[in-house]
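1. Based on what follows, work out the 3D shape:
(chains A and B)
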Amino acid sequence: MDLPNAAIADALEELGDLYELDGAIVHRVLAYRNAAKTVREASVSVAALARTGRATELRGIGETLQQKIITLLDTGTTPSTERLRAKFPSGLIAITRLPGLGPKRARLLFTELEIDSIEKLREAALAQRLRTVKGLGAKFETGVLEALGRMAADPPERAAGRLLLPRAIELGETLAAGLIERAAPGTHVQMAGSARRMADSVKDIDLIAITTKPTTLAQSLAGLPEIESVSSAGKPGARGRTHSGVSVDLRVAKPAQLGNLLQHFTGSGPHNAALREAAVRKGLHVSEYGVLEDSSQATRTCAGEEEVYELLGLAYIEPELREHRGELEAAAGGELPRLIELEDIRGDLHCHTVASDGKNTIEEMALAARERGYEYLAITDHSASHGFGDDVSPEQLRRQIELVRAANAQLEGIELLAGSEVNVMPDGSLDYEDELLGELDWVIASVHTSFGMGEQSMTERMIAAIEHPLVDAIGHPTGRLIGRREPYAVDLDALFAAAARTGTMLEINANPDRRDLSDIHARAAMRAGVRILIDSDAHRTDTLQNMRWGIATARRAWLTAADVANTRPWAELGKLRKQTRQ
DNA sequence: GCCGTTTTCGGCCCGACTGTTTTCAGTCG
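-> Next up is the predicted model:
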């Protein structure tokens, strides 16, 4: 089987790193990194594209890179990779990852002091040999030791310091509220950055403010109870750190510039870079301060972000789409999708009760769902082989079905569906008999065991579940836990094709630890013709509201309400199911 | 290395900070 996109992307990234060490011009290095990003996020197999000569249709891949990809597929490496690996030890790339050190200094240390690993760097810094290199001094040496100390305390492989989105938003909103409370009347503070783009996780908190007293506001950051220290309270803002070690960046603007500042600090970096490149071609230069026009030499400022995009001839781009995944082209061509919203959701088809590992009863879950305005709710407790004492035997499931039916008969204003989240066994079978599954209104099948099996077996296992005539949907299809567990090895293209062919829906599980399918996977699934479902997977009444994180993922996947099955009434949704279930 | 309703060659986003400088290179977001 050909290399997956992630492996090709890794190879291109390594090559970019190596060329950077080799002193290549920055644009060539960037070309490799852009290509790696494009490959990683492609919704089809880049290996297959390259083999048919069509990889050049992807943005950032030209003839040269297509050829290199083919060589990589055929031989497992490329000549330039091998040549540069022989020239630069792998430890050098690790050195460039340290803050304050980049390719130039890593190479300088290698040629001057033969430093080719983190260990040798530490030894040389302790022996005060770094300062002997021309262009480096004592402060640099101290900086290196500090960076090494922080790395030891916080290894990069732990993806350290990243906050899951809900925690980031909670923290950001708390800080914003604290600043407003201490500020002059009329002060406005809001979050920007990756939290505003609703990314899976967030590295630091970006806050944007407008106020009549910028200095006072910047100083008041230090007074917030969550803030441990403020490192630089510069002119138009301040940078601090919370007690939990999260960096906080506060930037202050005049009201007339709010749009420019918000646009700049919402990012992403690649989105802004591409936006500015496109702007230059129109004779415009975009920065956080305004838009400079070549012809008049005048700088236009924008109170709102809409104006920034309008000046560039673009439709407004929602923050969730600003990842340089084709949004600029779509905005220029008037082809941006109308993104799904939380209000579009009419029901939730995955939740648990006290019958398995949930904390609330059927009635409590039903009332909470009705309170949210839902028209229907599927009760989907775990199945017969689930561990932790939370299994539901066939007899218990029969009883549960009766309880759901009784509750449904009693409750007005919401339709309760008797369902189950059935385990997909390692051999692809389900852990209830078909006869029992046939009595259910809704069946969602999930993998909860044997995550470590090989790609081929896992793919066969999941496709068997997809092809099962009584399975309506697959729950959390990749099993990832954000920042903690990688997706299982599975051929997603094959899964998407099987799901589209059989009419089996794939879930965006809205649990903020999962968000599975991810934005990129959900977009690829939608393009493959798969019907998407967004479920809370709530285990108690108050986590029904996790739906919002699933909506965020769906929006980042460019999904409209029409792409998502549970924006429909239950009667209509039922008709979207595979033939055997209608 | 990519890419083109101003270019198939010559460009390729913008600004801030830091440290080691005496005018700027390297790094970062």
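
2. need the residues of the stretch 201-350 of chain A near DNA strand B, please.
-> Residues of the stretch 201-350 of chain A lying close to DNA strand B by Cβ under 7 Å from any atom of the strand are A:232, A:234-235, A:269, A:272-273, A:276-277, A:279-281, A:283, A:285-289, A:292. C-betas here are computed from N, CA, C, even on glycine.

3. Can you flag which of those belong to helices?
-> Within those, residues falling in helices by DSSP state H are A:269, A:272-273, A:276-277, A:279-280.

4. ok, back up a step: could you pick out the buried ones from the residues of the stretch 201-350 of chain A next to DNA strand B?
-> A:272, A:276, A:279, A:286, A:288, A:292 (16 or more other Cβ atoms under 10 Å).

5. Pull the contacting residues for the fifth one.
-> To tie it back to what came earlier, the one meant is residue A:288. Residue A:288 makes contact with A:251, A:257, A:260-261, A:263-265, according to Cβ atoms under 8 Å, 6 or more residues apart in numbering.

6. got it, and the fourth one?
-> By Cβ under 8 Å, 6+ apart, residue A:286 lies in contact with A:260, A:263, A:272, A:275-276, A:279, A:292, A:308, A:312.

7. Residue A:493 and residue A:193: what is the separation?
-> Distance of residue A:493 to residue A:193, given as Cβ to Cβ, to the nearest Å: 32 Å.

8. Among the two, which residue is more densely surrounded?
-> Shown here are residue A:493 and residue A:193; by other Cβ atoms under 10 Å, residue A:193 has more neighbours (22 against 18).

9. Give the buried residues for stretch A:42-58.
-> For stretch A:42-58, the neighbour count (16+ other Cβ under 10 Å) marks A:42-43, A:45-47, A:49-51, A:55, A:58 as buried.

10. Figure out the length between the terminal residues of that stretch.
-> End-to-end span of stretch A:42-58 (Cα to Cα, to the nearest Å): 8 Å.

11. So is that stretch next to DNA strand B?
-> Yes: applying Cβ under 7 Å from any atom of the strand, one finds stretch A:42-58 touching DNA strand B at residue A:56.

12. which residues touch that stretch?
-> A:2-5, A:8, A:38-39, A:61-63, A:65-66, A:69-70, A:73, A:493, A:520, A:523-524, A:527-528.

13. Which members of those occur in helices, if any?
-> Of the contacts of stretch A:42-58, the ones assigned to helices by DSSP H are A:5, A:8, A:38-39, A:63, A:65-66, A:69-70, A:73, A:493, A:520, A:523-524, A:527.

14. Just put the contacts of residue A:288 in JSON lines and tack on neighbour count.
-> Output for the contacts of residue A:288, formatted as JSON lines (neighbours: other Cβ atoms under 10 Å):
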{"residue": "A:251", "neighbour count": "21"}
{"residue": "A:257", "neighbour count": "20"}
{"residue": "A:260", "neighbour count": "26"}
{"residue": "A:261", "neighbour count": "26"}
{"residue": "A:263", "neighbour count": "28"}
{"residue": "A:264", "neighbour count": "23"}
{"residue": "A:265", "neighbour count": "19"}
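
15. And for residue A:487, nearest residue in space, chain neighbours not counted?
-> Nearest residue to residue A:487, sequence neighbours excluded (Cβ to Cβ, 6 or more residues apart in numbering): residue A:478, at 3.5 Å.

16. For stretch A:227-239, the averaged confidence score.
-> Mean pLDDT, stretch A:227-239: 79.

17. No further queries at this time; thank you.
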